[in-house]
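Engineer: one predicted model, sequence on top.
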Amino acid sequence: MQLWDLRAGLQALQALGQLAEQTRTALARRIQKEPLPEKAQATLHNALDHLSEVREGFILSLRTSAVPSLAELRALVERVMMDWSAWEAAGFRFMPTFELARPGDQIFFFHHAYIAMGILPRLPNYAVTFPYQRHPSYADIPVPGTPGEVLDRIEEMEHVVWVAENADLEAAPPDSVRRTYAFFEASAWLVATELARWLGRQGRSLFPPQREA
């Protein structure tokens, strides 16, 4: 890998971690019923756009061999494969020469999200900050085991972030709010840990406290 490609990749990873950390902070404010500054409102909007790309990456990555049953495969086809707008949003365009435009970063975003979902129940206790939680652990949050469960989790997080941006967060189920908060916390921790490994620095220093607008 060329130095420029590596630098661009690390910068993209850092931007992803910053978005995850800022989203976690914005959700914490909403959970604690604190005013949401304009900058935090914009963060939630960006997080919703990011989750849309995660969903597109899921669609692009899906293989029928990974689906355990015909019933689940049929349900997935009904939910995503027949909605051509999702494919168009993912970057596929039929050109006059019948070429397909390449998708962007959606697959990278999905695989990062998939790893974050997997590591979430094993997140170190010191990294768990969910408000009002007596015991710092996400060990009770299950890892999605099938493609259908992965899509359910993505859609759940999309719903929670949308509610956080547009309405009273009490309109979302408490367990869904906690799983969504935990996901962004795990995502930020994962990026910080990986960047620390690459750069030889403390991961926490990569995410300085953000001043509220």
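Structural biologist: Noted; the coordinates are in hand. Numbers count the residues shown, from 1 in each chain.

Engineer: which helix in the protein runs the most residues?
Structural biologist: What stands out as the longest helix in the chain, according to DSSP state H, is helix 3-31.

Engineer: what's downstream of that helix, the next helix or strand?
Structural biologist: helix 38-61 (DSSP states H and E).

Engineer: that next one packs against which elements?
Structural biologist: helix 3-31, helix 84-89, helix 106-119, helix 147-166 (3 or more CB pairs under 8 Å, 6 or more residues apart in numbering; DSSP states H and E). From N, CA and C alone the C-beta is placed, and that goes for glycine too.

Engineer: what angle separates that helix from helix 106-119?
Structural biologist: Angle, helix 38-61 to helix 106-119, by axes from the mean of the first three to the mean of the last three CA atoms, to 10 degrees: 100 degrees.

Engineer: between helix 38-61 and helix 3-31, how big is the angle?
Structural biologist: 120 degrees.

Engineer: just the buried positions in helix 38-61, please.
Structural biologist: By neighbour count on 16 or more other CB atoms under 10 Å, the buried set for helix 38-61 is 40, 43-44, 47-48, 50-60.

Engineer: can you give me the neighbour number for V128?
Structural biologist: 19 (other CB atoms under 10 Å).

Engineer: ugh, wrong one, R197
Structural biologist: Number of residues near R197 (other CB under 10 Å) recorded here: 10.

Engineer: quick one: which of the helices and strands packed on helix 38-61 is nearest P136?
Structural biologist: Nearest to P136 among the helices and strands packed on helix 38-61 is helix 3-31 (14.1 Å), distances taken as CB to CB.

Engineer: show me what the closest one is packed against.
Structural biologist: By 3+ CB pairs under 8 Å, 6+ apart, helix 3-31 packs against helix 38-61, helix 106-119, helix 147-166, helix 174-199.

Engineer: report the contact partners of the residue nearest to L27 when sequence neighbours are not counted.
Structural biologist: Leaving aside its chain neighbours, L27 sits nearest to Y181 (4.9 Å; criterion: CB to CB, 6 or more residues apart in numbering). Counting by CB atoms under 8 Å, 6 or more residues apart in numbering, Y181 touches R24, L27, A28, I31, F130.

Engineer: now the two most distant members of the residues you listed.
Structural biologist: Going by CB to CB, the pair spanning these furthest: R24 and I31, at 10.4 Å.

Engineer: which one of these two has more residues nearby?
Structural biologist: Using other CB under 10 Å as the criterion, R24 and I31 rank with R24 on top: 24 against 18.

Engineer: low-scoring stretches of this structure, by residue?
Structural biologist: 1-6, 9, 62-104, 198-213 (pLDDT under 70).

Engineer: coming back round to it: can I get the helices and strands packed on helix 38-61 in CSV including distance to L190?
Structural biologist: Formatted as CSV, the helices and strands packed on helix 38-61 follow (distance: least, CB to CB, whole Å):
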stretch, distance to L190
helix 3-31, 8
helix 84-89, 26
helix 106-119, 5
helix 147-166, 16
